[in-house]
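>>> What shape does this take:
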Amino acid sequence: MVRAVVIVPIKSFDEAKSRLSSSLGAAERQYLAKHCAETVVAAAQPLPVLVACDDDDVATWAVALGATVSWRKGRDLNQTVTDTVAAQRNEFDQVIVAHSDLPLAIALGPLLVGHHRITLVGDRHGEGTNVAVVDPSCGFRFQYGAGSLRRHKIEARRIGTHAR
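Predicted coordinates:
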């Protein structure tokens, strides 16, 4: 049986969805961010969830949902996720990193099928990376940002494997 955890990196709900500021007010954007994040946490069940954050409100929210918090103060998204995943290497065989803004997430567990070191789920444009499944001991360095799917595939080759 594969020992797995789902890591959900979340920045402050107050800062989330800023691209929608011309259409939605701050309270609406905060509600949307929380709703999407709750959907992702629910899709992780029955796997344990680890929320990587540096915001007190996010940490309180995560604990209320039954998640564990990994406090990552002052780091960018790539370093936060890379460090959080690497810290799981002694406890878990696989880590699913799922972004908190996936409003249609249903079940993340089926991504663990097979013995692949790296599984990537791209966005609908084939450019971004919505979900990544990695072996936490493999030294994968996350490459989020524009064009991350391509960079994650290159990173998989750097560590001597290919991405599914």
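>>> all contacts plus neighbour counts: C-alpha atoms, from now on.
Will do.
>>> what about the closest residue in space to V63 that isn't next to it in sequence, which helix or strand?
Excluding the flanking residues, the one nearest V63 by Cα to Cα, 6 or more residues apart in numbering is V69, at 7.1 Å. Taking DSSP states H and E as the definition, one finds V69 inside strand 68-71.
>>> any idea how far that strand is from the chain center?
With Cα atoms, centre = their mean, to the nearest Å as the basis, strand 68-71 stands 13 Å off its chain's centre.
>>> one step back: the residue nearest to V63 - how many residues pack around it?
21 (other Cα atoms under 10 Å).
>>> just for the protein, where's the confidence low?
18, 21, 115 (pLDDT under 70).
>>> tell me the strands in it, going along the chain?
4-9, 49-53, 68-71, 94-98, 118-122, 129-134 (DSSP state E).
>>> and the fourth one with strand 49-53, angle?
Right, strand 94-98. Counting by axes from the mean of the first three to the mean of the last three Cα atoms, to 10 degrees, strand 94-98 lies at 50 degrees to strand 49-53.
>>> Mind giving me the packing neighbours of strand 94-98?
strand 4-9, strand 129-134 (3 or more Cα pairs under 8 Å, 6 or more residues apart in numbering; DSSP states H and E).
>>> angle of the last one against strand 118-122?
Using the same axes, to 10 degrees, the inter-axis angle of strand 129-134 relative to strand 118-122 is 170 degrees.
>>> which helices and strands sit right next to strand 129-134?
Using 3+ Cα pairs under 8 Å, 6+ apart: strand 129-134 touches strand 94-98, strand 118-122.
>>> Pairing partners for the last one, with directions?
Yep, that's strand 118-122 we're talking about. Using DSSP bridges, strand 118-122 pairs in its sheet with strand 129-134 (antiparallel).
>>> Could I have the CA atoms of the strand it pairs with written out in PDB?
Extracted C-alpha coordinates of strand 129-134, given in PDB (Å, rounded to 0.1, in the frame of the first residue of the first chain):
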ATOM      1  CA  THR A 129       0.700  22.500 -13.700                       C
ATOM      2  CA  ASN A 130      -2.500  22.000 -11.500                       C
ATOM      3  CA  VAL A 131      -1.400  18.800  -9.800                       C
ATOM      4  CA  ALA A 132       1.900  17.100  -9.400                       C
ATOM      5  CA  VAL A 133       2.500  13.600  -7.900                       C
ATOM      6  CA  VAL A 134       6.100  13.000  -6.900                       C
END
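>>> State the distance from the residue nearest to V63 to A52.
6 Å (Cα to Cα, to the nearest Å).
>>> so how far is the first residue of stretch 49-62 from its last?
For stretch 49-62, the end-to-end distance is 9 Å (Cα to Cα).
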